[in-house]
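Q: Sequence unavailable; structure follows:
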Ligand code: SF4
């Protein structure tokens, strides 16, 4: 049996707004696929042949033949994924799906696929394959309990690396050291797609994943607030991971591309932990703003204390020699039209060297999605517009047009005096947008 895994394409910021390419003096970075396919490929029995196709690089056609097509996608890629499923099924091919969108919108996805996986796929994938082999595929396979990570093999990132080409050769691939979150941030899907309990990826799995990336000459990208939590053993687990990373003989800057978390989290870390992060060779934080009360109050309400703390978060990164790469979100319920000026003021005061801007997006399954749906404020359900670069809902304190205009103005205004970035070496001038 041959399973063809497919990562469907989606629009990035510069594709939604090509004018950004004119005003942002940075290279547009096409990152690696998310970990979903690599994780499912890793639990696939060895007698099943697996192949990987990245639809972002080369649109999938019917020439790519397989017994079964397996698509994994999040909301921005759902428009294309549903289109691909329709195309393949019209040609008599069997197509299944998993990932965040099928988990959160099973009725929508289920109408286009022969079968969908709801929840983490590792626990049900082999049952699906077995049923498919017997010609008895069920319409839905659901992982109701969080998957036991003790049973998790290292992800098959080698599939991604083998598929690289001149059009796609990422410097990094994602690496996961925990799953799930007990918190309830209104714009985040993690507690609903991965469960509310923090579960830790076994140390040996992370070490093997790191070593596989090292052999391929790749960095690891890590984004997870949960690893910083002082409960559930998460922070201790992070410290063990950092120690392993420190022992990795590669020079600093050649192990991890960034460590991502909510920006004010930086203020809650004791200096020894930040030092351990630096000692592990991590040179860049990816700091997400707009999900937490501090940055919401700072940028949305102009709260001076919150603004000080936001600025202090960035300064703290500088003090430890770690580059603060911020992701600044607009369109929260607390944001009035003053948010754009306040964010620009913040970038100046905090000396933010490089940043990206994003528009609040009510992703299906999040508390915000349910709230805005309930209030009749979601006016666009073209899933490809759910990419943080379009306004798909009616904002509370301004028009949708003003929000979009403000977002584009932020890109233009922030980068207008940073043309020198175009002269910097590749890694320094590259951002995802
Ligand atoms: S944004 Fe971070 S802290 Fe909040 S629910 Fe999501 S993973 Fe948890």
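A: Received the coordinates, thanks. Just so you know, these numbers come straight off a predicted model, no measurement behind them.
Q: mind listing what's buried in stretch 302-320?
A: Buried residues in stretch 302-320, counted by 16 or more other Cβ atoms under 10 Å: 303, 306, 307, 309, 310, 311, 313, 314, 316, 317, 320. All C-beta spots, glycine's among them, are computed from the backbone N, C-alpha and C.
Q: With stretch 169-177 instead?
A: Buried, per 16+ other Cβ under 10 Å, within stretch 169-177: 170, 171, 172, 173, 174, 175, 176, 177.
Q: Check stretch 138-155 too.
A: Neighbour-count burial for stretch 138-155 [16+ other Cβ under 10 Å]: 141, 143, 146, 147, 149, 152, 154, 155.
Q: What parts of the chain come near the ligand?
A: 181, 183, 185, 188, 190, 191, 225, 226, 262, 291 (Cβ under 6 Å from any ligand atom).
Q: which pair in the residues you listed spans the largest distance?
A: Pairwise distances across the residues of the chain next to the ligand peak at 14.3 Å for 191 and 262 (criterion: Cβ to Cβ).
Q: quick one: least confident helix or strand in the protein?
A: Every helix and strand in the chain was compared by mean pLDDT, DSSP states H and E; the lowest is helix 426-429, with a mean of 62.
Q: which ones are touching the residue nearest to residue 104 when sequence neighbours are not counted?
A: Sequence neighbours aside, residue 365 is the residue nearest to residue 104 in space, at 3.2 Å (criterion: Cβ to Cβ, 6 or more residues apart in numbering). Residue 365 sits next to 100, 103, 104, 105, 189, 192, 193 when contact means Cβ atoms under 8 Å, 6 or more residues apart in numbering.
Q: what's near enough to touch the last one?
A: By Cβ under 8 Å, 6+ apart, residue 193 lies in contact with 100, 103, 104, 119, 365.
Q: Name the SS class of the second one, please.
A: Looking back up the chat, that one is residue 103. Secondary structure, DSSP: H, G, I helix; E, B strand; the rest coil: residue 103 is helix.
Q: Could you check the pLDDT of it?
A: Here the pLDDT value assigned to residue 103 is 98.
Q: Surely it touches residue 121?
A: No. If you go by Cβ atoms under 8 Å, residue 103 and residue 121 don't touch, sitting 9.1 Å apart.
Q: Now residue 391: phi and psi?
A: Main-chain torsions, residue 391, degrees, to the nearest 10: phi -100, psi 120.
Q: Next, count neighbours for the nearest residue to it once chain neighbours are set aside.
A: Nearest non-adjacent residue to residue 391, counting by Cβ to Cβ, 6+ apart: residue 400, 4.3 Å away. For residue 400, the count of nearby residues is 18 (other Cβ atoms under 10 Å).
Q: separation between residue 400 and the ligand?
A: As judged by Cβ to the nearest ligand atom, to the nearest Å, residue 400 and the ligand stand 24 Å apart.
Q: so who does residue 117 touch?
A: Going by Cβ under 8 Å, 6+ apart, the list of residues near residue 117 reads 96, 97, 98, 102, 103, 124, 125, 128, 140, 141, 142, 143.
Q: for the fourth one, what are its contacts?
A: Each residue near residue 102 by Cβ under 8 Å, 6+ apart is listed here: 73, 109, 110, 113, 116, 117, 118.
Q: now with 6 Å?
A: Counting by Cβ atoms under 6 Å, 6 or more residues apart in numbering, residue 102 makes contact with 109, 116.
Q: circling back to that earlier point, please spell out the ChimeraX selection for the buried subset of the contacts of residue 365.
A: Selection of buried members from these for ChimeraX, criterion 16+ other Cβ under 10 Å:
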select :100,103,104,105,189,192,193
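Q: tell me which of the contacts of residue 365 is nearest to the ligand?
A: residue 189 (7.6 Å; Cβ to the nearest ligand atom).
Q: So the closest one sits against residue 363, correct?
A: Yes. Proximity of residue 189 to residue 363 meets the contact threshold set by Cβ atoms under 6 Å, at 5.4 Å.
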